[in-house]
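Novice: Sequence first, predicted model second:
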Amino acid sequence: MDYKAFALKYRPQNFDEVVGQEQTVLSLRNAIIKKHVHHAYLFSGPRGTGKTSLARIFAKSLNCQSANGPVIKPCGKCVSCAEIIKGTSLDIIEIDGASNRQIDDIRSLRENVKLSPAHSRYKIYIIDEVHMLTSEAFNALLKTLEEPPPHVKFIFATTHPHKVLPTILSRCQKFPFSLVPLEKIVDKLKRIVTSEGLKIEDSLLYAIGRAAGGSIRDAESLLDQLVPVLAQNGSIEEVFSFLGIIDEETLNRALQYIIEKDLDSSLAFIDKIAKEGKDLGIFLNALIEYVRNLLLSQVSAKSFKELIDISPQAKDFISKYSSGISTTEVLRIIDSLIEAKDLSHKLNTVRIPLELALVKCSYHEENQKILPQKKDDPAVDTKPAVSDAVVAAKIVEDEFDLDVEPTDIHKDKMLDGDIEEDRPAGEDNVLFEELKSKWQGIIVHIQKMRAAIASHLSLAEPLSSSGAVVTIGFSRKDYFHKEIVESAKNAKFIEGVISNILGKSVGVKFTLSDSVKPSAQHRVRDEEAANEEIASQADEGGNEFMNELLDTFKGQLHTESE
């Protein structure tokens, strides 16, 4: 006996077997019971949700010969039902709109419509992907659709109802099909597994259901693809890798490592997933959705309870860990993961942004504890210092030249709290003494590499240090120069030079201080240095810098030709 795919073998044969379209089924049943059957129907919705299957069931109900008149439970045994099941009925004409879309095809249909059914009650035309018909074909069909013979019924199916002419839509009863909920997909898969005598864990069925994205046909095809793998005693992990599916157990472990801030395990886990050949992009999308479910469990217990796209076991796991993390922290994790997803498109790789996001998630709270603060002193910079681990993460970013906005100490603005009158408490000044002794050498070194930056930085001087962070101050009148050097790329460059010269990872913070006196020769910005800086920024994609500079001073850019 020839093998039959699950999607065909377990195709619904009556209204009771249809999955997930209860409202449409109810309406069609009532139309049959009340003898109020319309001459044209439009079934629209995503692929694999049962549009064509339900059209065939409806056709069987209208033409079933087991009773006098249409029935809501076709027998499946009479001549009409048997021919429809086999696809050999002369009175049920199925047309592919994609390949029979020209006006000549519809003209042929119009001629055949006039002929009476061979032996059935109705001649029924099922046109799949009807939106593919040309405008001329639609117009040719319009007259027949407007005044069809009493023995003719039309059932149109489409995934793009907005592409169907309004004049056609106005003559049809429209039934939208929705994506099938996960639980109902899993129930259907369980029935297939039982019927086939297979043993498959529920977690795998839920994973297949999620991968199907609400399409019952896709879920059946995935299960069909899975059976040969299980027949060779393949492990569940091998099955997931084979299908490219991210199972809930994988998501549970990833979420656990993030919440527990176990960075070593998180990075090792990402490495394992990558080596198994799984798509990290799919994993990242699934993880974002999974953390979103965690957030939902905290802000709306009712909505979380009503979720239908995760298993009960996953709900229990999420509920267990939701009490161990704040809502603010969950929101920050989601932001970091979404930022990693956006960055992955720029870099054409997912792993680096994902690993950086995990580093940020793991070290955020520790960073806030490094720098002691005086809450009653507005002059103290309340932004956290940078730990060695975060400095290391920044070095990784530099190595791959990530063109992203930092979220660290270089985002200071010209505020009162940005001016340092006195050195804040809690400083150890270990790095300060070493930096101060080598400051002029650092300026000379930068001069050889980036003269413009050296010109700005020569107006500053080291003020203090705390841990791995040094504070470099400008006078109040030189605030413009401070804004230049603390831009994202310039600040990273300066940190790299200082770290190399001092032989250790160093973070840099820029501030304004009355203790730094402005130099008379630099009170007016050196025009040549400014032009050189602009040219340097332009070479590095500095159009954004130019725009910000012009916006700041309400200026315009003039060239020699002007």
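Specialist: Looks like it came in fine.
Novice: Return the set of buried residues in stretch 347-355.
Specialist: 350-355 (16 or more other C-beta atoms under 10 Å). Quick note: C-beta positions are derived from backbone N, CA and C, even for glycine.
Novice: measure that stretch end to end?
Specialist: Using C-alpha to C-alpha, to the nearest Å, one end of stretch 347-355 lies 13 Å from the other.
Novice: Low-confidence ranges, the stretch 351-500 of the chain, go.
Specialist: For the stretch 351-500 of the chain, the stretches flagged by pLDDT under 70 are 364-427.
Novice: residues contacting Pro117?
Specialist: When contacts are counted by C-beta atoms under 8 Å, 6 or more residues apart in numbering, Pro117 touches 90-91, 123, 151.
Novice: That one sits in which helix or strand?
Specialist: For Pro117, there is no host helix or strand (DSSP states H and E).
Novice: Which pLDDT value goes with it?
Specialist: pLDDT for Pro117: 84.
Novice: How about the backbone phi and psi for it?
Specialist: Phi and psi for Pro117, reported as degrees, to the nearest 10, are phi -60, psi 150.
Novice: Use 285 as the first number from now on
Specialist: Done: numbering now begins at 285, and the last item shifts to Pro401.
Novice: Next one: it relative to Glu467, how far apart?
Specialist: Per C-beta to C-beta, to the nearest Å, Pro401 is found 41 Å from Glu467.
Novice: and what of Glu544?
Specialist: Distance from Glu544 to Glu467, by C-beta to C-beta: 30 Å.
Novice: now do Gln509
Specialist: Gln509 sits 22 Å away from Glu467, going by C-beta to C-beta.
Novice: Count the neighbours of Asn314 for me.
Specialist: 11 (other C-beta atoms under 10 Å).
Novice: I meant Val513, not that one.
Specialist: 15.
Novice: May I have the phi/psi pair for it?
Specialist: Dihedral angles of Val513 (phi, psi; degrees, to the nearest 10) stand at phi -70, psi -40.
Novice: before we move on, back to that, I'd like the contacts of Pro401 laid out as a markdown table, including distance to Ala738 and neighbour count.
Specialist: Shown next, in a markdown table, are the contacts of Pro401 (distance: C-beta to C-beta, whole Å; neighbours: other C-beta atoms under 10 Å):
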| residue | distance to Ala738 | neighbour count |
| --- | --- | --- |
| Leu374 | 89 | 11 |
| Asp375 | 88 | 21 |
| Lys407 | 87 | 24 |
| His435 | 91 | 16 |
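Novice: Need the nearest residue in space to the most centrally placed residue in the chain, chain neighbours excluded.
Specialist: For the chain, Asn569 is the residue whose C-alpha lies nearest the centre (C-alpha atoms, centre = their mean; 4.7 Å). Excluding its sequence neighbours, the residue lying closest to Asn569 (C-beta to C-beta, 6 or more residues apart in numbering) is Lys625, at 7.3 Å.
Novice: so how far is Leu631 from the one you found?
Specialist: Applying C-beta to C-beta, the value for Lys625 to Leu631 is 11 Å.
Novice: joint contacts of those two?
Specialist: Listed as contacting both Lys625 and Leu631 by C-beta under 8 Å, 6+ apart are Pro637.
Novice: pretty sure Val414 is in contact with His444, am I right?
Specialist: No. Using C-beta atoms under 8 Å, Val414 is not in contact with His444; the gap is 9.4 Å.
Novice: Compare these two (neighbour count), which wins?
Specialist: For Val414 versus His444, the count of surrounding residues by other C-beta under 10 Å is larger for Val414: 29 against 11.
Novice: Could you look up the SS state of the residue lying closest to that one once chain neighbours are set aside?
Specialist: Closest residue to Val414 apart from its sequence neighbours, by C-beta to C-beta, 6+ apart: Phe440 at 4.2 Å. Classification of Phe440 by DSSP: H, G, I helix; E, B strand; the rest coil places it in strand.
Novice: Run through the stretch 385-534 of the chain and note the low-pLDDT ranges.
Specialist: If you take pLDDT under 70 as the line, the stretch 385-534 of the chain has these spans: 385, 515-528.
Novice: what about Ile737, distance to Ile602?
Specialist: For Ile737, the distance to Ile602 - C-beta to C-beta - is 49 Å.
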